[in-house]
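Peer 1: sharing a model prediction with you, sequence too.
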Amino acid sequence: MADIRLEEVSHSYDGGRTWALKPMTWTWRSARAYALLGPSGCGKSTLLNIVSGLLSPTTGRIWLDDREVTAVPTAGRNIAQVFQFPVLYEEMSVYDNLAFPLRNRRYPRAEVDRRVREVSRMLGLDDHLGRRSRRLDPGRQQIVSLGRGLVRPEVAAVLLDEPLTVIDPAMKWTLRSKLKEIHRDTGHTLIYVTHDQTEALTFADEVVVLKDGEIVQAGEPAELFLAPAHEFVGHFIGSPGMNVLPAEIAGGVVRVGGTAVGRAAGDGGELPPGPVRIGVRPEFVRITAGQDAPDAGDPAGPGLAARITGLDRMGSHHLVHARVDGHALVSKTGPGSRYEPGTAAFLRFDPGRAFLFRDEVRCGSLMPLEGRGGT
Ligand SMILES: Nc1ncnc2c1ncn2[C@@H]1O[C@H](COP(=O)(O)OP(=O)(O)OP(=O)(O)O)[C@@H](O)[C@H]1O
């Protein structure tokens, strides 16, 4: 196994008019499980095909540890790839399909048998080993494809391009946890492409978020949720996504309308005055109204004046919709909360959970005003 390092790798399909991948320097570390997450057309498959060697990058170099493989074709890279739809020899048995990548590389017969049976057991294929692949339903065929990707013990990485698309939803959960188990057992480097945040967050040690051919953030699932580095990550991950509220910095204080909501703490030093956007997830917006409303003497201040505009009862929680200074905001509250549309309310943000963005990129955090507990 090896680290896979991309150095200034980019790709254009139209001679440089548009870029499916913008110059990217990034290392996939050995033995980690990655999810490559992003919307349709953001460049996920392009990136994967460059790693596997199916596609030659327009610029840049690719390394497996200290061996450069930019010009090495797929077969010489020792990387397995599983696609969205089954890729099998339909006339071969399931056993022979699983054995194929090993026999092709001249593994000893006993080793072939041992690995095939191991993978078959892990993926629940034991009862189907003798059947012809074309006789299986498409879901089971895809599981065999997955097995073919996982059967070789020494691959540098297994690349999975939306591999569970044809699998029915109930089976998806089982297979995803199976993949995690297999990852724990084999220590393969896995790169799993998906546009589904749940799939990415539940599967990966590290999630790499791609937008318009660029990595906008990479980190552990909790990091992406708790501290989005880009507004896109705030919107794309989370349900519903992060709220964004236009504000202004003056004298180090952040104001929404006329109300001071906190101090600006820059990620890389003091933030210059001017417009900024506050990003805060619905989970971290506290809403108070009616009898719960803070009185004027509350040392934390009353919070941001808002008006409740709607309530969605979601079963496990409520989504309270409000308007603040002409902007819509959502708060996630407990299932028993009673907020009446049309009533006045106050909003506060959990300290350390509201961030400041300029040009969509995080530039700082919203800190409590001196001597106050929060917004
Ligand atoms: N063979 C090709 N020829 C020309 N343009 C292409 C080709 N393949 C992809 N593209 C373009 O490159 C961009 C990135 O596509 P890519 O398939 O890598 O994205 P993706 O994130 O994998 O999308 P999806 O989730 O829909 O598969 C898109 O604008 C797409 O239209």
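Peer 2: Nice, I can see it.

Peer 1: how near is residue 279 to residue 106?
Peer 2: 55 Å (Cβ to Cβ, to the nearest Å). Bear in mind the C-beta positions are built from the backbone N, C-alpha and C, glycine included.

Peer 1: these two: who's more crowded?
Peer 2: For residue 279 versus residue 106, the count of surrounding residues by other Cβ atoms under 10 Å is larger for residue 279: 24 against 7.

Peer 1: so that one bridges to which residues?
Peer 2: residue 244, residue 355 (DSSP bridges).

Peer 1: equivalent analysis for residue 132, please.
Peer 2: residue 93.

Peer 1: count of neighbours near it?
Peer 2: 16.

Peer 1: how about the contacts made by it?
Peer 2: 90-93 (Cβ atoms under 8 Å, 6 or more residues apart in numbering).

Peer 1: just the buried ones from the residues you listed?
Peer 2: 92-93 (16 or more other Cβ atoms under 10 Å).

Peer 1: redo the contacts of residue 132 as a markdown table? Include distance to residue 269 and pLDDT.
Peer 2: Shown next, in a markdown table, are the contacts of residue 132 (distance: Cβ to Cβ, whole Å; pLDDT from 0 to 100):
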| residue | distance to residue 269 | pLDDT |
| --- | --- | --- |
| 90 | 62 | 91 |
| 91 | 66 | 93 |
| 92 | 62 | 95 |
| 93 | 64 | 97 |
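
Peer 1: OK, contacts around the closest residue to the ligand within the stretch 101-250 of the chain?
Peer 2: Scanning the stretch 101-250 of the chain for proximity to the ligand using Cβ to the nearest ligand atom identifies residue 195 as nearest, at 5.3 Å. Residue 195 is in contact with 37-40, 44, 162, counting by Cβ under 8 Å, 6+ apart.

Peer 1: helices - which of those land there?
Peer 2: residue 44 (DSSP state H).

Peer 1: mind giving me the PyMOL command for buried ones among the contacts of residue 195?
Peer 2: This is the PyMOL syntax for the buried subset of these, where burial follows 16+ other Cβ under 10 Å:
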select buried, resi 37+38+44+162
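
Peer 1: mark which of the contacts of residue 195 are part of strands, please.
Peer 2: Those of the contacts of residue 195 mapping onto strands are residue 37, per DSSP state E.

Peer 1: show me which pair in the contacts of residue 195 is furthest apart.
Peer 2: The span of those, defined through Cβ to Cβ, is set by 39 and 162 at 12.6 Å.
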